[in-house]
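Participant: turn this into a structure:
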Amino acid sequence: MSKSLAAIDRIIVLLVALGLAFLGVWSILFYIGNWYAVELAEYCNQRIWRESPDQPWFKWVLAGIVVVGVVCGLWMILANLRRKRINQIHSEPASTHIGEIKFRISDIGSAVAGQLEDIPRVNSVKSLVAFDRGRPTMDFTINADADANIPMIRSQIDQAERDIRDAIGTTDVDTIYKIHLDQVEHA
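Facilitator: All right, here's what the predicted structure looks like:
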């Protein structure tokens, strides 16, 4: 997710939250008979609002709102689900004026995932190499049994991190390790 997409998401959540908070406060004030809340309800109950569904333009405005809403909704869903994967990384220190050095960071992620899968009681390791908030990121999700040896997993993660840094050198890539443990079975 990019920073701009995260900002748009936060603005939308803020607007929806403010709208819901306004409706909640207004309905409580209307219930207790607050003059301003009653005036707002009277304004919303005007003749133009009641008669607008009978107007010839109403169905076109409604259709336009539906189309714009569907397009914006689909755009938001697709924008939030899409991950920008990384194929190759440019190695700045290894490149010279003669040529550039590029390597597949996803291959390194797959190799590290395979190395972490060899830990006892670890069921699977998934690696994802993508941009996260504008930063190249290697994300590892480790699924292990509930009784897995966590200190051993952490030491293997430390070793994997050293191996990654040895492989990519000073290339700027973030790493994230997530350990998911299975539920404890009750006797």
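
Participant: now residue 102, nearest residue through space, not along the chain?
Facilitator: Distances taken as Cβ to Cβ, 6 or more residues apart in numbering place residue 88 nearest to residue 102, at 4.5 Å, with adjacent residues excluded. Just so you know, the C-beta spots here come from the backbone N, C-alpha and C atoms, and that holds for glycine as well.

Participant: so what's the residue count around that neighbour?
Facilitator: 12 (other Cβ atoms under 10 Å).

Participant: go on, residue 37?
Facilitator: For residue 37, using other Cβ under 10 Å, the count is 17.

Participant: tell me which element it is part of?
Facilitator: Applying DSSP states H and E as the criterion places residue 37 in helix 35-44.

Participant: by contact count, what packs against that helix?
Facilitator: Counting contacts by 3 or more Cβ pairs under 8 Å, 6 or more residues apart in numbering; DSSP states H and E, helix 35-44 packs against helix 3-32.

Participant: hey, where'd the helices end up in the protein?
Facilitator: For the chain, the helices defined by DSSP state H occupy 3-32, 35-44, 47-51, 58-81, 105-117, 150-168.

Participant: what is the fourth one packed up against?
Facilitator: Helix 58-81 makes packing contacts with helix 3-32 when contacts are defined by 3+ Cβ pairs under 8 Å, 6+ apart.

Participant: which residues does the nearest residue to residue 161 once chain neighbours are set aside contact?
Facilitator: Using Cβ to Cβ, 6+ apart and skipping residues adjacent in sequence, the residue nearest residue 161 is residue 175, 6.2 Å away. By Cβ atoms under 8 Å, 6 or more residues apart in numbering, the contact set of residue 175 is 137-140, 161, 164.

Participant: ok, residue 175 to residue 110 distance?
Facilitator: 14 Å (Cβ to Cβ, to the nearest Å).

Participant: and what of residue 60?
Facilitator: Distance from residue 60 to residue 110, by Cβ to Cβ: 54 Å.

Participant: looking at the two, which one has more neighbours?
Facilitator: Remark: of residue 60 and residue 110, residue 110 carries more neighbours, 15 against 10, as counted by other Cβ under 10 Å.

Participant: for the nearest residue to the more buried one once chain neighbours are set aside, give me the pLDDT.
Facilitator: Spatial nearest neighbour of residue 110, excluding adjacent residues (Cβ to Cβ, 6+ apart): residue 127 at 5.9 Å. Note on residue 127: pLDDT of 92.

Participant: list the residues that contact residue 127.
Facilitator: Listed by Cβ under 8 Å, 6+ apart, the contact set of residue 127 reads 106, 109-110, 112-113, 138-141.
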